[in-house]
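In: What would the 3D arrangement of this be:
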Amino acid sequence: MKIDQVRILRLEQSLWGPFWEAQKKAPSASPLSRYAEYAGSLDSWWWPQALVIVRIDAGGYHGIGWAEDGTGAAQAVLERHFKGLLEGQDAGRIERLWDILYRASIPYGRKGVAIEALSAVDIALWDLAGKAAGKPVHALLGGALRDRLPVYASHLQPVANDLLVEEARAYMEEGYRAMKTRFPAHAGMGAAGIRRNVEHIALLRETIGAGVDLMADAYMGWDLRFARRMTKELEPFDLGWIEEPLLPDELDAYVALCRHSRIPISHGENEFTPYGFHQILQARAAHVLQPDVHRAGGITAVRKIAALAEAAGVEVIPHAFSAPTVQVMAALPNFRILEYLTVPVWARKNLEEMVPVFLGEPRVEHGEVGLNDRPGLGIELNADAYPELKPLC
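Out: Modelled structure (predicted):
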């Protein structure tokens, strides 16, 4: 099945949808927390929100893939380089095409936007393969190990205490048995920051009780010294993991922290390709890996990352939620739970009217998401609501 055409469209809307609108103004730790002018919220330094969509047509079928692209750099890679390497090629040789695009972009790629562009292509190729075979992607990956996947609620920004408690209780009522929060304090806040983080976690644990799993995200806002103190202070609260406390390239610091901490340490949402994750695993620099299907190299890369992790006895708990993420995680033996980027009850009135980019996305109900037998990823573009998508349909 030769690739007839590759079409690329950039849409100025967050890949994270309503979640981003709810979280962008909330105070929390981040890699720029050390600078006062950027410590207030993610929105003070974040790039413009957008996503790039790739449609690949071959043999009367088409596949759709997508990735973040706020700066337009991934779109440029796709249009000026990858498109020419794809058209005319056999769409079914997914491994070969992944390797060609990876090797061709090494001088400017290996991590970051080039691999995000590659992720979008790879996802589209798997969607195409599923549609051509008349099977869901998880069937092409060896079949689902389970019909329903557990999901945790991911938001709980450090807002006012009454809103925080209201949100946590709402998730419990909706059937979630696990949830994740963001730490309010960064390393530059010292002892006061440690107290603030402990108070935040203590309030949540008191609210949800011992029967609900609780995790917390530091989003690269700590250093090793602060992280060591935090893990010690947080031991009484039975956290499932502390997420991404350090910058992804501080590998030696992650090793030291993993040896020190009784609380599991997770990271990987900002790592790329099986090569990058192999380095983490080889160094024993994480207890939990969190690859993002739309960043790390697509479905082809994430299934290899998961195989490396399984051999090392490490769980894979992916970053974010999407139809491709559900498909690949359903087929992995060392997967435990999915992240779902929730919108808190106190923000839903303003955000529930947002129109989705994709139709048929997996639905979370009672803290779980089920599989369906629709071919490919089981989703389509919402072209009726987005005129910009019409040329792709």
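In: drop to CA atoms for contacts and neighbour counts, all remaining ones
Out: Noted.
In: for the stretch 251-393 of the chain, which spans come out with low pLDDT?
Out: Counting by pLDDT under 70, the stretch 251-393 of the chain has low-confidence residues at 350, 352, 393.
In: Show me where it has its strands.
Out: For the stretch 251-393 of the chain, the strands defined by DSSP state E, counting those that start in this stretch occupy 265-267, 288-289, 315-316, 338-341, 358-359, 364-365, 368-370, 380-381.
In: Equivalent analysis for the stretch 1-150 of the chain, please.
Out: Under DSSP E, counting those that start in this stretch, the stretch 1-150 of the chain gives strands at 3-11, 51-58, 61-68, 148-154.
In: Go through these and name the closest to L389.
Out: Distance to L389, taken as C-alpha to C-alpha, is lowest for strand 3-11 among the strands of the stretch 1-150 of the chain, at 7.5 Å.
In: hang on, the earlier thing: please identify which of the strands of the stretch 251-393 of the chain is closest to P248.
Out: Closest approach to P248 among the strands of the stretch 251-393 of the chain is made by strand 265-267 (7.6 Å; C-alpha to C-alpha).
In: which helices and strands does that closest one pack with?
Out: For strand 265-267, the elements it packs on are strand 239-243, strand 288-289, judged by 3 or more C-alpha pairs under 8 Å, 6 or more residues apart in numbering; DSSP states H and E.
In: rerun that using 10 Å as the cut-off
Out: strand 239-243, helix 251-260, strand 288-289 (3 or more C-alpha pairs under 10 Å, 6 or more residues apart in numbering; DSSP states H and E).
In: which residues touch K131?
Out: Applying C-alpha atoms under 10 Å, 6 or more residues apart in numbering, we find K131 in contact with Y61, H62, G63, L125, V137, R374, P375, G376, L377, G378.
In: Which stretch among the helices and strands packed on strand 265-267 is buried most, on average?
Out: Most buried of these by mean neighbour count (mean count of other C-alpha atoms under 10 Å) is strand 288-289; its value is a mean of 24.
In: Quick one: the helices in the stretch 101-250 of the chain, in order.
Out: 113-133, 137-140, 161-173, 190-208, 224-233 (DSSP state H, counting those that start in this stretch).
In: Out of these, the one nearest E12 is which?
Out: For E12, the closest of those is helix 113-133, at 16.1 Å, according to C-alpha to C-alpha.
In: buried residues in that closest one?
Out: Of the residues in helix 113-133, 113-132 count as buried by neighbour count, 16 or more other C-alpha atoms under 10 Å.
In: Switch the helices and strands packed on strand 265-267 over to a markdown table; also include distance to F82.
Out: Shown next, in a markdown table, are those (distance: least, C-alpha to C-alpha, whole Å):
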| stretch | distance to F82 |
| --- | --- |
| strand 239-243 | 33 |
| helix 251-260 | 31 |
| strand 288-289 | 28 |
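In: Tell me which of these lies nearest to R228.
Out: Closest to R228 of those, according to C-alpha to C-alpha: helix 251-260, at 6.5 Å.
In: Could you export that closest one as PDB, CA atoms only?
Out: The C-alpha trace of helix 251-260 is given here as PDB (Å, rounded to 0.1, in the frame of the first residue of the first chain):
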ATOM      1  CA  LEU A 251      20.200  11.900  35.400                       C
ATOM      2  CA  ASP A 252      22.800  11.600  38.200                       C
ATOM      3  CA  ALA A 253      20.500  13.500  40.500                       C
ATOM      4  CA  TYR A 254      17.600  11.200  39.700                       C
ATOM      5  CA  VAL A 255      19.800   8.200  40.500                       C
ATOM      6  CA  ALA A 256      20.700   9.700  43.900                       C
ATOM      7  CA  LEU A 257      17.100  10.600  44.700                       C
ATOM      8  CA  CYS A 258      15.800   7.100  43.700                       C
ATOM      9  CA  ARG A 259      18.300   5.600  46.100                       C
ATOM     10  CA  HIS A 260      17.300   8.000  48.900                       C
END
